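Chemist: Next input, structure requested:
(chains A and B)
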Amino acid sequence: MMETHDVLIIGGGPAGLACAVELHKQGVTDMLVVEREAKLGGILRQCIHDGFGLTRFGESLSGPEYAGRFIEEIRKRHIPYVTDTTVLSVSPDRVVTTVSPSGMRFIKAKAVVFAMGCRERTRGSLAIAGERPSGVFTAGVAQSYINLYNKMVGKEVVILGSGDIGMIMARRLTLEGAHVQAVFEILPMPSGLPRNVHQCLEDYGIPLYLSHTITDIHGASRLTGVTVSEVDGQLRPIPGTEKEYACDTLILSVGLIPENELTVDAGIPLDPKTRGADVDEYHQTEREGFFAAGNVLHVHDLVDFVSLEAEKTACSVAEYVAKGCLPICSVEVVPGQGVGHVVPQRVSGERDVTFSLRANRKLASCSLEVLQNGVAVMKRPLRNVVPAVMLEITVPKAKLSPSGIVEVRLV
Amino acid sequence: MADTMVVDVQWDQELIMRQLFDVLVIGGGVVGSAIARELARYELSIGVLEKNLDVCDETSGRNSGVVHGGFAYDTGSWKAKLCLQGNRLMGDLSAELGFDFLRCGKVLVGNTDAEYAQLERTLAQGRANGVQGLEMVDEKRLHELVPSVIGKFAMYSPNSGIVDPFGLTIALAENAAMNGVAYFFDREVEDIRRVNGIYELVTNDETYRCRWVVNAAGLGCGKVSDMLGITGYKVIGSKGDYIILDKRTGPLLPMPAYPVPSNTYMGIHVTNTTDGNVIVGPTAEATGNFAYYGVYQKNIDYLAESGSRLWPHIRKQDYIRTYCGILPKWVDEKGVIQDFKMEIKDDIAPNAVNLVGIESPGLTASVPIARHVIDMMREREPFKPNVAFNPRRKGLVRFSRLSPDEQAELVKENPDYGQIVCRCQNISKAEMLEAIHNPLGVKTMTGVKYRTRGMMGRCQGGYCQMRIAQLLEKELGLADTEVVYSRKGSNLFVGKVREDKA
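Modeler: Residues are numbered from 1 along each chain as shown, chains lettered A, B, ... in the order given. A predicted model of the protein is given here:
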């Protein structure tokens, strides 16, 4: 009993929702959005703070409000979606197996859109030394417990990592009566957005210690404290700088990893830098008919850019469904000096293209350059560039040619 | 509902105070649980006193999960004899009790002439111990067995294997409980008295009375032995740290690969697990602190470096967790590690079975140890067989391991199988519920983790832990402040964020 659809979207978070609505606008109606949770919205459901939508909607919304804008459109347009439904497997020939309490489904789609988002890096993956008491939470888990499950996770809090969710949780925990002692960041600069440093830490008098990390965790049952050390230029703890902090809660905001297990199962190669699929300017992966959008492709700084990216992906998917194929993109794109990663990784050189990228270090003033065959085709001066902020640059087709490696760099 | 439960508990407590158990086993690890289960084959009232809130919280659950072949121990030792027996029965036992076991073989990998000579000695010892199938293999054959391992030759032990150590211990304990054994958690024995031929075990809670007592206290074996009046055993801890790698690495390692062992230490090895992960470890450090389960940074770095000399796929991005375990080693005055000690000192402590220094290969040998214990007891008292004993236990049905057709059928029968709670390993709500309502009455988060593997995947509970905590609360009627991660006091929450509106 194989069902068929033109498009199957895996994930009903910000990327999946925006993609579905835009696809519908483009005239694609035979689609299905598959969401594993009981409700649409993804991670936005637990992000009750505001600041979402300034770019996409020109106003400041909370996470649920932002998601609500898209969910309303989904309902208005009668776009089919299922919740409480988990994708068990995706085959290389685009057969998607799902399960929910009402049964299994086997769906063959012309196009599959990966919109699974990302997961948090854990204590285990960083291999932080020490005991393993309760009271150590990733920021997103703590946020979920507090905002969705009404559970207070602790009273005396230390935060490792200045990622955006960590800083937002510093404020959230403070507002709920916990005492946040400090945020420690291993890098010499904050990992999250400057606005969160101001609004979540400075405004609440929470100190941020750069070039510090946690080197030991104490407590046989519940957390009793952590050891914090300064780190050197190579991010190695400096012996003799250890300080003890008594606390019952440690929040980790130490990075996000695109959730690409299904992508890998479908035999699709990932870019080791983004840990998302290697895609062309249509956001099509190296396997035809598979597309990706949002944090599953590369970790974004703002949800607005996730939505905008997913809407672009939707346009490509609509074109693919209509024509049965998309032009080949054989021009390789590589991150050059100062750039951590760049998306897309392949372009045609025959259309306008927007590159999304991240700096790999802080730069007071620099030039964002796009080169092809070693020759600069675009230059834009930038100031105060930090890795926390995603950069974009659009190159008109006139400046590109269909052959020769493209390099994006910050010099 | 809640009121009834409270009354039940009080009544039960009174009964315990009055009850005289035939046998009380101190320690609910793999050995204590194997003993309890073997005892349940007889008409006896049996209790297990466990200081933690679940079985396998200490040494039984914190090891390499290897079913040893029996070649590494001195010929004629209990370790050699019982390990071999345990190895041979593991296949039938896993079928009977529904836990994961894989007879995948194992290689000890060497490079130098000295190592070759050492392996030949190990092989000769293994043959003398009665181990079958051991052979030296050359580089070509080694790489057919384990493609990516780094080495010039190896000793291959085809009958070695891997087991889910949580699964084995829980299976033994749950089957014991299903056959009438009473498990008491959070009961640490603090003193033992013998009054008119009856043992009184004073715990942090009630005092429990019994005719027979078994010291299966693992790391606490020396302390309990002292309480029994059998003094003089020196027990030291050997602490080993491990790294666990993502399941993506599992297919790269079809069987455990060890370096050439020294006389006292098996060395840092890489081991596949029955769930498809790879573990790297252990280090070996003497410790007197049997309650410290921290992992040291220097050891994590050393494990990766040392393990990489044997197997080239240890990458930091595949780390999902670190852990450690402590082996209780009985040593003589010179510090030389001794054999398993299994004794009944009729003159000092009659009707008390004293087990000391049950370390590796205790997991492999758990059931033969238990059988030997019961033989010793039956030499002193005839036990009447329990005709109602049922040796079989059905393990959890693992949704993720079934074919799509079987999965579809299962969801039709029970929709909870269609509700996926753990995304990394596709573990269903039905499995979580079965684990929450386990026969031992364990109520902790790790109780669910060890039974289902929830929170053991690459996201380490990032997605499922909230759901598991909520299910525990709902199903067992726990308050927010009663949700415990693993050990007593390891509470997850300090309360609600907002009080519920009336």
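
Chemist: Up against chain A, what does the stretch 101-250 of chain B have?
Modeler: Selection of the stretch 101-250 of chain B residues close to chain A by C-beta under 8 Å from any C-beta of the partner chain yields B:243-244, B:248. All C-beta spots, glycine's among them, are computed from the backbone N, C-alpha and C.

Chemist: Tell me how chain B divides into domains.
Modeler: Residue ranges for the domains of chain B, per automatic domain parsing: B:2-59+B:166-233+B:339-378, B:102-160+B:235-331, B:399-482.

Chemist: From the residues of the stretch 101-250 of chain B next to chain A, which shows the smallest pLDDT?
Modeler: When those are compared on pLDDT, B:Arg248 comes out least confident, at 91.

Chemist: got the contact list for the closest residue to A:Phe57 other than its chain neighbours?
Modeler: Taking C-beta to C-beta, 6 or more residues apart in numbering or on different chains as the measure, A:Phe57 lies nearest to A:Arg69, with 6.7 Å between them; neighbours along the chain are not counted. Residues touching A:Arg69, when contacts are defined by C-beta atoms under 8 Å, 6 or more residues apart in numbering or on different chains, comprise A:53, A:57, A:61.

Chemist: quick one: what helix or strand has A:Arg69 in it?
Modeler: Element membership of A:Arg69, judged by DSSP states H and E, is helix A:63-76.

Chemist: Check which element follows that helix along the chain.
Modeler: Sequence-wise, the next helix or strand beyond helix A:63-76 is strand A:81-82, with elements assigned using DSSP H and E.

Chemist: rewinding a little: now the domains of chain B in JSON lines, with mean neighbour count?
Modeler: Output for the domains of chain B, formatted as JSON lines (neighbours: other C-beta atoms under 10 Å in any protein chain shown):
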{"stretch": "domain B:2-59+B:166-233+B:339-378", "mean neighbour count": "21"}
{"stretch": "domain B:102-160+B:235-331", "mean neighbour count": "19"}
{"stretch": "domain B:399-482", "mean neighbour count": "20"}
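
Chemist: Just the terminal-to-terminal distance for stretch B:419-431.
Modeler: End-to-end distance of stretch B:419-431 (C-alpha to C-alpha, to the nearest Å): 10 Å.

Chemist: just stretch B:460-479 next, same as before
Modeler: Across stretch B:460-479, the straight-line distance between its terminal residues is 24 Å, by C-alpha to C-alpha.

Chemist: Show me what it is in contact with.
Modeler: A:119-120, A:122-125, A:138, A:140-141, A:144-145, A:148-149, A:151, B:1-2, B:5, B:320-321, B:421-424, B:427, B:429, B:432-433, B:436-437, B:443, B:445, B:448-449, B:454-455, B:480, B:482-483, B:492.

Chemist: now that stretch: mean pLDDT?
Modeler: Summarised as a single mean, pLDDT over stretch B:460-479 is 96.

Chemist: try stretch B:334-349
Modeler: Averaging pLDDT along stretch B:334-349 gives 96.

Chemist: what does stretch B:34-49 give?
Modeler: On average, stretch B:34-49 scores 98.

Chemist: the strands in the stretch 351-500 of chain B, which residues?
Modeler: For the stretch 351-500 of chain B, the strands defined by DSSP state E, counting those that start in this stretch occupy B:352-356, B:420-422, B:427-428, B:495-496.

Chemist: Dump those strands into CSV; add mean pLDDT as well.
Modeler: Shown next, in CSV, are the strands of the stretch 351-500 of chain B (pLDDT from 0 to 100):
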stretch, mean pLDDT
strand B:352-356, 98
strand B:420-422, 96
strand B:427-428, 98
strand B:495-496, 96
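
Chemist: I'd like to know which of those lies nearest to chain A.
Modeler: With C-beta to the nearest C-beta, the closest approach to chain A among these belongs to strand B:420-422: 3.8 Å.

Chemist: Sheet-wise, list the partners of that closest one with their directions.
Modeler: Using DSSP bridges, the neighbouring strands of strand B:420-422 in the sheet come out as strand B:427-428 (antiparallel).

Chemist: if we look at the partner strand, which residues are touching it?
Modeler: The set of residues that contact strand B:427-428 without belonging to it, under C-beta under 8 Å, 6+ apart, is B:398-400, B:416-421, B:452-454, B:464.

Chemist: Which one of the residues you listed is nearest to B:Ala80?
Modeler: When those are ranked by distance to B:Ala80 (C-beta to C-beta), B:Arg453 comes first, at 32.8 Å.

Chemist: Which helix in chain A has the most residues?
Modeler: Of all the segments of type helix in chain A, defined by DSSP state H, the longest one is helix A:303-323.

Chemist: same question for that one, mean pLDDT?
Modeler: In this model, helix A:303-323 carries a mean pLDDT of 97.

Chemist: For the closest residue to chain B within the stretch 151-300 of chain A, give me its contacts.
Modeler: For the stretch 151-300 of chain A, the residue closest to chain B is A:Ser221, as judged by C-beta to the nearest C-beta, at 3.5 Å. Contact analysis of A:Ser221 by C-beta under 8 Å, 6+ apart lists A:133-134, B:486-490.

Chemist: possible to save the residues you listed as CSV with pLDDT and distance to A:Leu270?
Modeler: Compiled in CSV, the contacts of A:Ser221 are given as follows (pLDDT from 0 to 100; distance: C-beta to C-beta, whole Å):
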residue, pLDDT, distance to A:Leu270
A:Pro133, 97, 34
A:Ser134, 98, 33
B:Ser486, 97, 34
B:Arg487, 96, 39
B:Lys488, 96, 43
B:Gly489, 97, 42
B:Ser490, 98, 36
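
Chemist: Would you mind checking those for buried ones?
Modeler: Buried positions within the contacts of A:Ser221, assessed by neighbour count (16 or more other C-beta atoms under 10 Å in any protein chain shown), are A:133-134, B:486-488, B:490.

Chemist: for these, which one is nearest B:Leu44?
Modeler: If you rank the buried ones among the contacts of A:Ser221 by distance to B:Leu44 using C-beta to C-beta, B:Lys488 comes first, at 29.1 Å.

Chemist: Quick one: neighbours of A:Gly255, just the number.
Modeler: Taking other C-beta atoms under 10 Å in any protein chain shown as the criterion, the count of residues near A:Gly255 is 16.

Chemist: where does B:Cys324 land in three-state SS?
Modeler: Under DSSP: H, G, I helix; E, B strand; the rest coil, B:Cys324 falls in the strand class.

Chemist: so it sits right up against B:Gly294, yeah?
Modeler: Yes. B:Cys324 sits in contact with B:Gly294 when judged by C-beta atoms under 8 Å, with a separation of 7.3 Å.

Chemist: residues touching residue 147, list them.
Modeler: You didn't say which chain, so I picked chain A. With contact taken as C-beta under 8 Å, 6+ apart, A:Asn147 is in contact with A:46-48, A:172.

Chemist: wrong one, I was asking about chain B
Modeler: B:Leu252.

Chemist: Buried residues in stretch A:141-154, which are they?
Modeler: Within stretch A:141-154, the residues that qualify as buried are A:141-147, A:149, A:151-154, counting by 16+ other C-beta under 10 Å.

Chemist: Let's see which of the contacts of stretch B:460-479 end up in helices.
Modeler: Going by DSSP H, the helices hold A:123-125, A:140-141, A:144-145, B:2, B:5, B:429, B:432-433, B:436, B:445, B:448-449 from the contacts of stretch B:460-479.

Chemist: what's stretch A:225-242 in contact with?
Modeler: For stretch A:225-242, the surrounding residues in contact (C-beta under 8 Å, 6+ apart) are A:130, A:158, A:160, A:184, A:186-187, A:209, A:211-219, A:243-247, A:250.

Chemist: Alright, calling it a day.
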